[in-house]
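Need a 3D model of the following:
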Amino acid sequence: MGFKWAKSLLKNLDKKKLHITKGASDVSSINQNLRKNLKKFSRKRKKLDYYISGISQGNKTILSEAITIIESQNSKDMALAKAIVKACLPLSGKSIRVGITGVPGVGKSTFIDSFGAHLCNHLGKKIAVLAVDPSSNRSGGSILGDKTRMETLTTIDNAFIRPSPTANNLGGVAKKTRETIILCEAAGFDTILIETVGVGQSETTVHSMVDFFLLLMLAGAGDELQGIKKGIMEMADTMIITKADGENVLNCKKAKMTYQSALHLFPPHPTGWIPPVLLTSSLENEGIQSVWNTVEDFKKQSISTNYFRENRINQNLYWFRESIQEQLFMLFKKNKRVKEELHTLETLLKTEKTTAFEASEQLFNTFLEEIKKQND
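Residues are numbered from 1 along each chain as shown. As a prediction, the model looks like this:
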């Protein structure tokens, strides 16, 4: 009965008003259309004054647009990116930069959500959170889900959260994190929180761009000192035992004693600062104010000993050298002959007809020859 009714209805329908979708196989590639739209969007860049004016007024939308340009690999965006950073430099440098790292699952995002909300709501701070997500080695993509884990901060006007992919960059931070710090400071954010991917051998890069280094640790997860690198513990200005609530409080207190004993074995800080070990509960907002008090105490001691200024000068020198290396590597990759030889050498490596050291030396010599030709 239902079939006959449907058949009759179709016969009586005005075919001119009936639109039938033939199926996904007849639809042109969605990815291609999306790519075209993205290309159109990338070309719609405003003039420099638009970005500088918006950033200096604290416009978060324009700040986000400017950071996107900074992170862009488009050659047309690079010139504008350099101009934006240069213009923002005189407006930067007035914040306290705090690096936050820890083992996976320690609760970095939850801590930052609680800590940041406390700074904004109770202390009137204006904070920027640069949350870094690891990029996939296979696809190059990132989930960028930090905003979803910072539910409180996303609703606060004085907070700005910028998730960025590492893009396979070593150091646990995004490639343009330092430039992003400059833009955020120019936008009036007085506290910059940098959340890193997690503890790793090369993640110490974050230490070269912050004033204060927070190390978050778990308790009750086996040998307290096994899951962390000694080098990162040496750089920690404060250690925090997270999730100190409920039945875990006793474990946290035991872990605190263990870490305090271990920290005394490390070389003294240039200012004479002794890193404290604190207990916090992000869920119950316990110990959060103590963390900020520690940051302020460290800053006062660093300024009084002139370490604060010297540290930033040394950081600028470090990034000056890093920038030189990056520029040289980009020049190397763009060289036409290097590109041509690269494929050949990779084939030889796959067939084990050469070694990685010989291939790299040959490619570098090719590059030097090309540079010499250009100068002759």
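
So what's the residue count around Ile70?
25 (other C-beta atoms under 10 Å). Where you see a C-beta, it was placed from the backbone N, CA and C, and this is true even at glycine.

and the strand or helix carrying it, which residues are buried?
Per DSSP states H and E: Ile70 is located in helix 60-71. For helix 60-71, the neighbour count (16 or more other C-beta atoms under 10 Å) marks 60, 62-63, 65-71 as buried.

Kindly tell me how buried Ala187 is, as a neighbour count.
Residues near Ala187, counting by other C-beta under 10 Å: 23.

hang on, isn't it packed against Thr61?
No - contact status for Ala187 versus Thr61: not in contact, 11.0 Å apart, counting by C-beta atoms under 8 Å.

Send over the helix holding Ile70 as CSV, restricted to the C-alpha atoms.
Output of helix 60-71 as CSV, limited to C-alpha atoms (Å, rounded to 0.1, in the frame of the first residue of the first chain):
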residue,chain,number,x,y,z
LYS,A,60,41.9,39.8,19.5
THR,A,61,40.4,39.1,16.1
ILE,A,62,43.1,41.2,14.3
LEU,A,63,45.7,39.7,16.6
SER,A,64,44.7,36.2,15.5
GLU,A,65,44.9,37.3,11.9
ALA,A,66,48.4,38.7,12.4
ILE,A,67,49.6,35.5,14.1
THR,A,68,48.2,33.5,11.2
ILE,A,69,50.4,35.6,8.9
ILE,A,70,53.4,35.1,11.1
GLU,A,71,52.9,31.3,11.0
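
For the helix or strand following it, which residues meet the burial criterion?
Next helix or strand after helix 60-71 toward the C-terminus (DSSP H and E): helix 75-88. By 16+ other C-beta under 10 Å, the buried positions in helix 75-88 come out as 77, 80-81, 84-85, 87-88.

again with stretch 268-285
For stretch 268-285, by 16+ other C-beta under 10 Å, it's 269, 271, 273, 275-282.

Could you do stretch 330-338 as well?
335, 338.

Tell me the buried residues in the longest helix seen in the chain?
Secondary structure of the chain per DSSP state H: the longest helix is helix 307-334. If you call a residue buried by 16+ other C-beta under 10 Å, then helix 307-334 has these buried ones: 307-308, 311, 315.

Can you lay out those residues as JSON lines showing distance to Val103 and pLDDT?
What follows is the buried residues of helix 307-334, written out as JSON lines (distance: C-beta to C-beta, whole Å; pLDDT from 0 to 100):
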{"residue": "Tyr307", "distance to Val103": "28", "pLDDT": "96"}
{"residue": "Phe308", "distance to Val103": "28", "pLDDT": "96"}
{"residue": "Asn311", "distance to Val103": "26", "pLDDT": "95"}
{"residue": "Gln315", "distance to Val103": "25", "pLDDT": "92"}
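
Which residues outside stretch 239-250 are in contact with it?
102, 106-107, 110-111, 214-220, 233, 252-253, 255-256, 259, 263, 275-284, 286-287, 291 (C-beta atoms under 8 Å, 6 or more residues apart in numbering).

So, low pLDDT: which residues of the stretch 151-300 of the chain?
165-175, 197-204, 220-231 (pLDDT under 70).

Which parts of it are strands?
159-165, 191-195, 212-217, 238-241, 277-279 (DSSP state E, counting those that start in this stretch).

so how far is Gln325 from Phe332?
According to C-beta to C-beta, to the nearest Å, Phe332 and Gln325 sit 10 Å apart.

same thing with Gly287?
40 Å.

Find the nearest non-adjacent residue to Glu346, please.
When the adjacent residues along the chain are set aside, Glu346 lies closest to Ala359, with 8.0 Å between them (C-beta to C-beta, 6 or more residues apart in numbering).

That neighbour and Leu348, how far apart?
Applying C-beta to C-beta to Ala359 and Leu348 gives a distance of 7 Å.

For those two, indicate the residue with more neighbours.
Using other C-beta under 10 Å as the criterion, Ala359 and Leu348 rank with Ala359 on top: 18 against 14.

That one is in what secondary structure piece?
Going by DSSP H and E, Ala359 is in helix 356-375.

Give the other helices and strands that that helix contacts.
With contacts taken as 3 or more C-beta pairs under 8 Å, 6 or more residues apart in numbering; DSSP states H and E, helix 356-375 sits against helix 336-350.

contacting residues around the helix it packs on?
Counting by C-beta under 8 Å, 6+ apart, 332-333, 354-356, 359, 362-363, 366-367, 369-370 sit against helix 336-350.

hmm, 6 Å instead?
Here helix 336-350 makes contact (C-beta atoms under 6 Å, 6 or more residues apart in numbering) with 354, 359, 363, 366-367, 370.

Which members of these are classed as buried?
Buried members of those, counted by 16+ other C-beta under 10 Å: 359, 363, 366-367.

Save those as TSV, and put in distance to Glu296 and pLDDT too.
Converted to TSV, the buried ones among the contacts of helix 336-350 look like this (distance: C-beta to C-beta, whole Å; pLDDT from 0 to 100):
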residue	distance to Glu296	pLDDT
Ala359	53	93
Leu363	51	94
Thr366	54	92
Phe367	50	92
